[in-house]
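Trainee: Quick one, structure for this:
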Amino acid sequence: MTFFEVLEQVVALLRRHARVSYRALKRQFELDDAFLDDLKAELLDSQHPVRDENGRFLVWTGDPIDGGATETNRPADALASARGDLRAPEAERRQLTVMFCDLEGRRRTKLSR
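Mentor: Numbering: from 1, shown residues only. Predicted coordinates for the structure are as follows:
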């Protein structure tokens with residue numbers, strides 16, 4: 001993968017996740033220290049709305065990616081096909097409230113997650 005292909009995919013990850021660690025980038029893209037330094041310099045010194053956080057994370061400071069399903073999945077699909085990964089998309093987390101009660105009305109227990 002070329003430098004700019006990796007750069008585009010990192011920007012897509014940042015827009016989607018808002019924050020990515022340098023260690024995760026090294027593992028995901030199998031980067032050496034010199035490549036990562038060049039990537040950081042390009043992201044932080046160019047026109048991208050990205051900032052460094054404590055020397056450990058890149059943080060997206062621009063507008064988040066649109067909520068459309070097609071646009072949201074496009075970077076993940078491109079990344080998965082480029083890396084050969086066929087993992088399912090990330091699950092969505094929602095709050096669930098469950099109430100248990102007996103038929104006689106003596107006990108009510110409410111569990112919330």
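
Trainee: alpha carbons only for contacts and neighbour counts from here, please
Mentor: Fine.

Trainee: neighbours of Val59, just the number please.
Mentor: Other residues near Val59 come to 18 when the count uses other C-alpha atoms under 10 Å.

Trainee: my guess is it meets Arg16, correct?
Mentor: No - when contacts are counted by C-alpha atoms under 8 Å, Val59 is not listed as touching Arg16 (10.9 Å).

Trainee: Let's test this: name the helix or strand in the protein with the lowest mean pLDDT.
Mentor: Least confident element among the helices and strands of the chain, by mean pLDDT, DSSP states H and E: helix 69-83 (a mean of 46).

Trainee: C-alpha coordinates for whatever helix or strand comes next after it, CSV please?
Mentor: Remark: after helix 69-83, the chain's next helix or strand is strand 97-101, criterion DSSP states H and E. Only the C-alpha atoms of strand 97-101 are listed here, as CSV (Å, rounded to 0.1, in the frame of the first residue of the first chain):
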residue,chain,number,x,y,z
THR,A,97,-34.6,-1.7,30.3
VAL,A,98,-36.4,-4.9,31.5
MET,A,99,-39.0,-5.1,34.1
PHE,A,100,-40.0,-8.4,35.8
CYS,A,101,-43.2,-8.7,37.8
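
Trainee: What strands line up against strand 97-101, and which way round?
Mentor: Its sheet considered, strand 97-101 pairs with strand 108-112 (antiparallel) by DSSP bridges.

Trainee: and Arg27, that's in a strand?
Mentor: No - assigned with DSSP: H, G, I helix; E, B strand; the rest coil, Arg27 falls outside any strand and is helix.

Trainee: give the contact list for it.
Mentor: By C-alpha atoms under 8 Å, 6 or more residues apart in numbering, Arg27 lies in contact with nothing.

Trainee: what do you get for Leu39?
Mentor: Phe3, Leu7.

Trainee: ends of stretch 35-53, how far apart?
Mentor: 19 Å (C-alpha to C-alpha, to the nearest Å).

Trainee: how about that stretch: buried residues?
Mentor: Neighbour counts over stretch 35-53 (16 or more other C-alpha atoms under 10 Å) mark Leu36, Leu39, Lys40, Leu43, Pro49, Val50, Arg51, Asp52 as buried.
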